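**Q** this is a predicted model, with the sequence first.
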Amino acid sequence: MNPTTTLDPTDPLADALVESSRSVAQQMCRFLIRLREFDLHQGYAEPSKGGRIVANCAEWLNANCGIERDAAREMLRVAYSLLNLPCIEMAFESGDLSYAKACALTTVATTANEQSLLDFARVMTDAQVENYCRCLTGRALNPGNRKHRSIAATPGRGYTCDESEPSQKPAANGVN
């Protein structure tokens, strides 16, 4: 091995991984758009190869694609939500957003906050976006609890969601 070689053999592999990740997002977006059209046209009501007619699109996906019904319903929710969120749909379609980010954003995005949420999502990880959106919807960490939720920015770590009892306030000396 020549010690003066500056070409890192992993650079093309790293580039290929990034491009593959973008391609996965693009394909998932296309899948959801097609799924939405299929559902709008009630394509599931036509007999499938086995002659079976199903009651809804989620059942059809389960029977024909092996996608679990809850996952299929979530895909349909996201697909229909994207109709009203063109910036998020465009970012997802171009591969700038993963399915996980698109899924999380569609739980909280409106036409009024879409762009700011999209800007946030572009620089955060999937987990950070999901956690932030859970905080915004009040489903963070322990759904159904009555704990107070606050969202805080942590330098270098993105946003975190903090839960504490509403009646508990930190003591002045930091000890409770």
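**A** Cool, the structure landed.

**Q** contacts, neighbours, all on C-alpha from now
**A** Noted.

**Q** can you map out the helices along this structure?
**A** 10-40, 57-65, 69-81, 86-93, 99-105, 114-123, 126-137 (DSSP state H).

**Q** buried stuff in the first one?
**A** It stands for helix 10-40. Residues of helix 10-40 classed as buried: 21-23, 25-29, 32-33, 35-36, 39 (neighbour count, 16 or more other CA atoms under 10 Å).

**Q** next, the angle helix 57-65 makes with it.
**A** Relative orientation of helix 10-40 versus helix 57-65 (axes from the mean of the first three to the mean of the last three CA atoms, to 10 degrees): 120 degrees.

**Q** for the nearest residue in space to residue 93 that is not next to it in sequence, list the residues it contacts.
**A** Using CA to CA, 6 or more residues apart in numbering and skipping the chain neighbours, the partner closest in space to residue 93 is residue 26 (4.9 Å). By CA atoms under 8 Å, 6 or more residues apart in numbering, the contact list for residue 26 reads 92, 93, 94, 95.

**Q** any idea how far residue 26 is from residue 62?
**A** Separation of residue 26 from residue 62 (CA to CA, to the nearest Å): 22 Å.

**Q** got any ranges where this protein has weak pLDDT?
**A** Along the chain, the model assigns pLDDT under 70 to residues 1-7, 9, 48-51, 139-176.
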